[in-house]
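Q: need coordinates for the below:
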Amino acid sequence: MKAIVCKAWGPPDTLTVEELPDLGAAPGHVVLDVKAAGVNFPDVLIIQGKYQYKPALPFTPGNEVSGVVRAVGEGVTGYKAGDKVIAFSAHGAFAQQLAVPAQTLMPMPPGMDFDTAAAITLTYGTSHHAVVDRAALKAGETMLVLGAAGGVGLAAIEIGKALGARVIAAASTDEKLAVCKAHGADALINYSKEDLREAVKAATGGKGPDVVYDPVGGDYAEAAFRSIAWRGRYLVVGFANGEIPRLPLNLALLKGAALVGVFWGEFAKREPKANLAGMMQLLGWLAEGKIKPHISARYALADTAQALNDMAARKVTGKVVINPQA
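A: Residues are numbered from 1 along each chain as shown. Predicted coordinates:
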């Protein structure tokens, strides 16, 4: 089988495509033929050794997949060769085959395509955990989403609307904001042209958002936190800007606000039942048409470095996927 291999920490162009032996199914594990693998911003950081999780070198990056069961190991029940499944793995997804523990699998719902199945786990899982679990967003409240045209941002918009909230989308271009509007955003802010604080004030009648969803970090974080409503919840989702902001903690005091960390990977590991319940709600919303992953590009396995470079350059809207068998 072919796989992307990271042999040393570095940028995407240092990755190689290699021929590796076919995988065998260890006890309790399932081997998949990978049909699609979702690309996420943490993938860009992991290969550079800049993420909180550092796999041992060499390794194959990627963790969000859909595929067909190729083989099952001893003791595995409930799955057989030919089953269509969704999986999440610490790494190894950017390859034609992937071995995962059987308990990490979910059956693909009937009628779902592989690209959509590979685009729902991490981004929607992260945003569901953030918006529903950590922020407890309620119908009638207002949420501001920074970096709103990215994968987690669009997922947050859709989840906010599914909960009955008003959603303000903030992004860097009018083209990105058009995608946000198509996914349900009620108000739009182009923070490359507008002063973020003034725009948020205008969009909320001076009240401020009840929830701020921030996967970006950098310079906009403090402006957004200063704009938050009384008893607001500020969700620290990630730092796509590359800069971890230093927020004055007196702002939390003055606004009676909560600064809330969001680490979906650790949540999924520590609280698997709660994570599964969230995923089932997401799949229900998907069937009802309340959420729909926006897949803006598809890449062959050999073009994985380009996919990661596009992600790093913030050229991506919604999700992009790798199709290893193409």
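
Q: contacts and neighbour counts: CA atoms only from here.
A: Fine.

Q: which strands and helices sit next to the strand or helix carrying residue 297?
A: Taking DSSP states H and E as the criterion, residue 297 maps to strand 295-300. Judged by 3 or more C-alpha pairs under 8 Å, 6 or more residues apart in numbering; DSSP states H and E, the packing partners of strand 295-300 are strand 319-323.

Q: quick check: mean pLDDT across the strand it packs on?
A: Averaging pLDDT along strand 319-323 gives 95.

Q: same question, stretch 255-270
A: Across stretch 255-270, the per-residue pLDDT values average to 93.

Q: how far is it from where the chain is centred?
A: The chain centre lies 14 Å from the centre of stretch 255-270; the measure is C-alpha atoms, centre = their mean, to the nearest Å.

Q: do stretch 143-153 as well
A: The answer for stretch 143-153 is 11 Å, by C-alpha atoms, centre = their mean.

Q: who's in contact with it?
A: If you take C-alpha atoms under 8 Å, 6 or more residues apart in numbering as the criterion, stretch 143-153 is touched by 40, 123-124, 126-127, 137, 154, 156-157, 160, 165-172, 176-177, 179-180, 209-216, 294, 316-319.

Q: filter those residues to the buried ones?
A: For those, a burial check counting by 16 or more other C-alpha atoms under 10 Å picks out 40, 123-124, 126-127, 137, 154, 156-157, 160, 165-172, 176-177, 179-180, 209-216, 294, 316-319.

Q: what about the residue lying closest to residue 7 once chain neighbours are set aside, distance to residue 89?
A: Nearest residue to residue 7 in three dimensions, chain neighbours excluded: residue 58, at 4.4 Å (C-alpha to C-alpha, 6 or more residues apart in numbering). Distance of residue 58 to residue 89, computed by C-alpha to C-alpha, to the nearest Å: 16 Å.

Q: the two: who's more crowded?
A: Taking neighbours as other C-alpha atoms under 10 Å, residue 58 and residue 89 compare with residue 89 leading, 18 against 11.

Q: pull the number of nearby residues for the spatially closest residue to that one that is not a sequence neighbour.
A: Computed as C-alpha to C-alpha, 6+ apart, the closest residue to residue 89 that is not its neighbour in sequence is residue 63, at 4.6 Å. Each residue near residue 63 was counted by other C-alpha under 10 Å, and the total is 23.

Q: now residue 198
A: 12.

Q: give the contact list for the residue nearest to residue 89.
A: Residues in contact with residue 63 (C-alpha under 8 Å, 6+ apart) are 37, 38, 88, 89, 90, 91, 92, 93, 94.

Q: try residue 216
A: Contacts of residue 216 by C-alpha under 8 Å, 6+ apart are 146, 147, 237, 238, 239, 240, 241, 242.

Q: just say helix, strand or coil for the closest residue to the last one other than its chain neighbours.
A: Using C-alpha to C-alpha, 6+ apart and skipping residues adjacent in sequence, the residue nearest residue 242 is residue 218, 7.0 Å away. Assigned by DSSP: H, G, I helix; E, B strand; the rest coil, the conformation of residue 218 is coil.

Q: and the helices in the chain?
A: Ranges of helices in the chain, per DSSP state H, are 41-46, 114-118, 122-128, 151-162, 174-182, 196-203, 220-226, 250-255, 264-270, 272-288, 304-312.

Q: of the ones you listed, which approaches residue 32 most closely?
A: Across the helices of the chain, residue 32 has its closest neighbour in helix 114-118 (12.7 Å, C-alpha to C-alpha).
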